[in-house]
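# 3D model of this:
(2 chains)
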There are 2 protein chains.
Amino acid sequence: MSLIEKNDCLRQMLDAGLSDLASREDLDREDIVRGLERGRMVLLANPGHKDVLPTLIGQPAQVKVNANIGTSPLADDAAAEMEKLAAAEQAGAHAVMDLSTAGDLDAIRRAMLAKTRLPLGTVPIYALAKRYADQDLDPAEFRIEEFLEEVESQARQGVDFMTVHCGVTLRGVRAAKDRVMGIVSRGGSILARWMLKRDQENPLLTHYDQILDIALGHNVVLSLGDGLRPGAGADAGDTAQWEEVIMLGELAKRARRAGVQSMIEGPGHVPLNLVQSQIQGIKKVTDNAPLYVLGPLVTDSAPGYDHIAGAVGGCLAAYYGADFLCYITPAEHLTLPCAEDVRLGVMASLVAAQGAEVALGRPRAVNNDLNISRARKKLDWEAVARLALDPDLVAKRRDKHRDEKECAMCGRFCAIRMLSE
Amino acid sequence: MSLIEKNDCLRQMLDAGLSDLASREDLDREDIVRGLERGRMVLLANPGHKDVLPTLIGQPAQVKVNANIGTSPLADDAAAEMEKLAAAEQAGAHAVMDLSTAGDLDAIRRAMLAKTRLPLGTVPIYALAKRYADQDLDPAEFRIEEFLEEVESQARQGVDFMTVHCGVTLRGVRAAKDRVMGIVSRGGSILARWMLKRDQENPLLTHYDQILDIALGHNVVLSLGDGLRPGAGADAGDTAQWEEVIMLGELAKRARRAGVQSMIEGPGHVPLNLVQSQIQGIKKVTDNAPLYVLGPLVTDSAPGYDHIAGAVGGCLAAYYGADFLCYITPAEHLTLPCAEDVRLGVMASLVAAQGAEVALGRPRAVNNDLNISRARKKLDWEAVARLALDPDLVAKRRDKHRDEKECAMCGRFCAIRMLSE
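Numbering: from 1, shown residues only, chains lettered A, B, ... in the order given. From the prediction side, this is the model:
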């Protein structure tokens, strides 16, 4: 039996939406089916998420952008998170992750699922961490049964994809000890603590089959988390990272066999000169599973501007094969993002995705660049705005001089006008 | 006689400041002298610019960032430009160009030269364009004598580097006719119009020796302008562009022989997949003269976010050898930048430069990334701020939660804290 034959929920979503999907992505239906079967594409679409927009991850489908939102212990305002959800959608995000760790997590998640048609992702271990911490207990005391219950519960609620750090191994954790930054993933950190306390292997790894069972029942896409991703450029490509990547590749293969969709989470902090080898290496080791990267940030020195450092790395990463860009906001490393940070983070990732797709010769991207350039040459500002990644901002910045033919940078000395007259 | 022997003003600046320069750049004095002699480095330092900070352009000297400011016909406020000058300095720009085309250009330029120790650049043909346009005359009617007088006058005032579009040829202009965007450089456009009206070669090219004479008398660095730079990704690397690059390479050689310092201006709009070949190609054809790039922008579709599209291209360009990044602000293609745009533009370019230098293994950049990561692991926020590209922003964003050990993104779930306890 093929992956789609095994996965009833996925088949149900494809039966209903494959034509629309093929048309939105400008791909053949057969290519999508083949991509899904081989595990080179995944379709984010839990039938339990009412009106979800089934979203395809995996080039040559359009490179997608995810926005992370959610409460934190120091910034616990559920209403503000709903505003960020709206900001992410408005800016053009293709998916959203609710990383809430404070407040009524179930209520926040349900509200988000009800509010957005975009696929919603979560990190189920956060719910356990909160529950333990609320009782002044160590999150690393969690039991695997609780974890599986949480995954099942969220799957029933309609969560479309979940980060599960199944690839963190004792060997990987030990290899991370000499790092500059150690472990910077919250999930990775909790699991490492659990494992080191007991000198036992990762319970999410030893119970992976149960996780697969739950995922299969709801077409939850497993986002195989990179708990050992490098948190500093100096740690990129080290033993701990590759140990985990190799395990993630094996887990992706097991998922495929079980009929479960999975994607691989990737770095993180990666110097520019290593982005190509990182992306191509991860793709190779994971048999071209969809790759979901966080940045990567090409420098550690840009707090406040990490959306820019991440756009540089993300653009190059997508060019070399990354399929899904998790945004980085200007708040990264400093605080929880506000709605404006969310907007800026999504836009920076969309710039990166567009740059990569132009370089890859994807027709939609190339034609957009061509058409906006033609509009620019005609000084046709309405068309420029319409074709821009952010039409509203173009209109807003033009507003003061909207009755002028040329923009206020050059005015009558407009190079195009001077030569065309 | 060597370049430095011929160039009295340069020798004078080196005699006074070579030791300081070597120490600032962490380079051997001999390497700087050799770089200058070979024309692979230039020293921006007109002795007529009082207290100018002599600034070295040319890797392995630090990659530098320039900020363009100046009035325009639709935004003619000299005081605002002085504020932008302060914003550029405050953000960390290494040089500034005054591109004013409205108001009292001489007064603006003198005020900027008096105000800043940073090297100041100009585009002298703008002064002629304004003079002609103010009398309702076609700027393309300018006489070369007027141009040379303007260059001489600005050189006496202390301008450190000047863009002269000497490489625009009739052949190049004709080759640009079939472009998507044609000619997008204002100087290039005026010259093309001048040439096409008369069917005569570029007067800045035919009178290049006189330009060299003036430059030599004041150690003005000639920034050999790319009047035919691509203004759309679709035009990148076309015949018009390479025709000009070849000419710029010849002109750089003539400058070296005359004892004059010169650098090459580069694109522009360049898809990501062409950045490497563009930069390496231009460097080869111009015998490794310092390369001063505008962006490059990896997509045309990001008006409002061109500082990000430019940071992507600029980071890759500097990694492949570009030496000097002209910033792009969020106002690019839309309007004249405000002071906040100037700040953001400089910061985006500094992120790009830092990312490139980390990838190139430059000790200053690598150590900064390493040290900020170490500080981050210790949750030592003061050190993080001090080592960040923008310390003020780090402090500002931390302010609300400054008494907390962890940042507000993770709070008690801080990965570093959870594992270290």
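
# Please report phi then psi for A:Ile57.
Here is the backbone geometry of A:Ile57 (degrees, to the nearest 10): phi -120, psi 130.

# Contact residues of the stretch 1-150 of chain A facing chain B?
Taking Cβ under 8 Å from any Cβ of the partner chain as the contact definition, the stretch 1-150 of chain A meets chain B at A:72-75, A:101-102, A:126, A:129, A:133, A:139-140. The C-beta positions use only the backbone N, C-alpha and C, and glycine is treated the same way.

# Distance of the residue in the stretch 51-200 of chain A that chain B sits nearest to relative to A:Leu336?
Nearest residue of the stretch 51-200 of chain A to chain B (Cβ to the nearest Cβ) works out as A:Pro73 at 3.3 Å. With distances taken as Cβ to Cβ, to the nearest Å, A:Pro73 is found 10 Å from A:Leu336.

# A:Arg186 too?
Distance of A:Arg186 to A:Leu336, computed by Cβ to Cβ: 13 Å.

# what does A:Leu191 give?
Distance of A:Leu191 to A:Leu336, given as Cβ to Cβ: 23 Å.

# who has more neighbours, the two?
A:Leu191 (30 against 27; other Cβ atoms under 10 Å in any protein chain shown).

# so what's the more buried one closest to, chain neighbours aside?
A:Val168 (4.8 Å; Cβ to Cβ, 6 or more residues apart in numbering or on different chains).

# Report pLDDT for that neighbour.
Note for A:Val168: predicted pLDDT of 98.

# if we can go back for a sec, list the residues that contact the residue nearest to the residue of the stretch 51-200 of chain A closest to chain B when sequence neighbours are not counted.
Of all residues not flanking A:Pro73 in the chain, B:Gly411 sits nearest, at 3.3 Å (Cβ to Cβ, 6+ apart). By Cβ atoms under 8 Å, 6 or more residues apart in numbering or on different chains, the residues touching B:Gly411 are A:72-74, A:101-102, B:404.

# same question, A:Asp51
Per Cβ under 8 Å, 6+ apart, neighbours of A:Asp51: A:Arg117.

# let's go with 10 Å and repeat that
A:113-114, A:116-117, A:158 (Cβ atoms under 10 Å, 6 or more residues apart in numbering or on different chains).

# quick one on the thing from earlier: looking at the residues of the stretch 1-150 of chain A next to chain B, which two lie furthest apart in space?
A:Ala75 and A:Ala140 (24.0 Å; Cβ to Cβ).

# So A:Leu205: helix, strand or coil?
Assigned with DSSP: H, G, I helix; E, B strand; the rest coil, A:Leu205 falls in the helix class.

# right, and it touches A:Leu251 too?
Yes: using Cβ atoms under 10 Å, A:Leu205 makes contact with A:Leu251 at a distance of 7.8 Å.

# of the two, who's got more company?
Between A:Leu205 and A:Leu251, A:Leu251 has the larger neighbour count (other Cβ under 10 Å), namely 25 against 20.

# okay if I get the contacts of B:Gly411 as a markdown table plus neighbour count and pLDDT?
Listed next are the contacts of B:Gly411 as a markdown table, based on neighbours: other Cβ atoms under 10 Å in any protein chain shown; pLDDT from 0 to 100:
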| residue | neighbour count | pLDDT |
| --- | --- | --- |
| A:Ser72 | 23 | 95 |
| A:Pro73 | 20 | 93 |
| A:Leu74 | 18 | 92 |
| A:Thr101 | 22 | 97 |
| A:Ala102 | 23 | 97 |
| B:Glu404 | 17 | 90 |
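
# Filter the contacts of A:Asp51 down to the ones in helices?
Among these, the residues falling in helices (DSSP state H) are A:113-114.

# thinking again about what came up before, quickly list what's touching both of A:Pro73 and A:Leu336.
Listed as contacting both A:Pro73 and A:Leu336 by Cβ under 10 Å, 6+ apart are A:102, B:408-411.

# any idea how far the one residue sitting closest to the centre of chain A is from chain B?
Nearest to the mean C-alpha position of chain A, counting by Cα atoms, centre = their mean, stands A:Cys326 at 3.4 Å. Counting by Cβ to the nearest Cβ, to the nearest Å, the gap from A:Cys326 to chain B is 14 Å.

# my read: that residue touches A:Glu265, true?
Yes: look at A:Cys326 against A:Glu265 with Cβ under 10 Å: they come within range, at 8.1 Å.

# quick one: common contacting residues for those two?
In terms of Cβ under 10 Å, 6+ apart, A:Cys326 and A:Glu265 are both contacted by the residues A:223, A:292-294.

# OK, contacts around A:Glu201?
Residues near A:Glu201 by Cβ under 10 Å, 6+ apart: A:168-171, A:195.

# circling back to that earlier point, which neighbours do A:Leu205 and A:Leu251 share?
Both A:Leu205 and A:Leu251 are in contact with A:164, A:166-167, A:211, where contact means Cβ under 10 Å, 6+ apart.

# All the strands of chain A, residue numbers only.
Along chain A, the stretches classed as strands by DSSP state E are A:42-44, A:55-57, A:64-69, A:95-98, A:120-122, A:161-164, A:221-224, A:262-266, A:291-294, A:324-326.

# Now flag whichever of the shared contacts of A:Cys326 and A:Glu265 is closest to chain B.
Checking these against chain B by Cβ to the nearest Cβ gives A:Leu294 as the nearest, at 13.0 Å.
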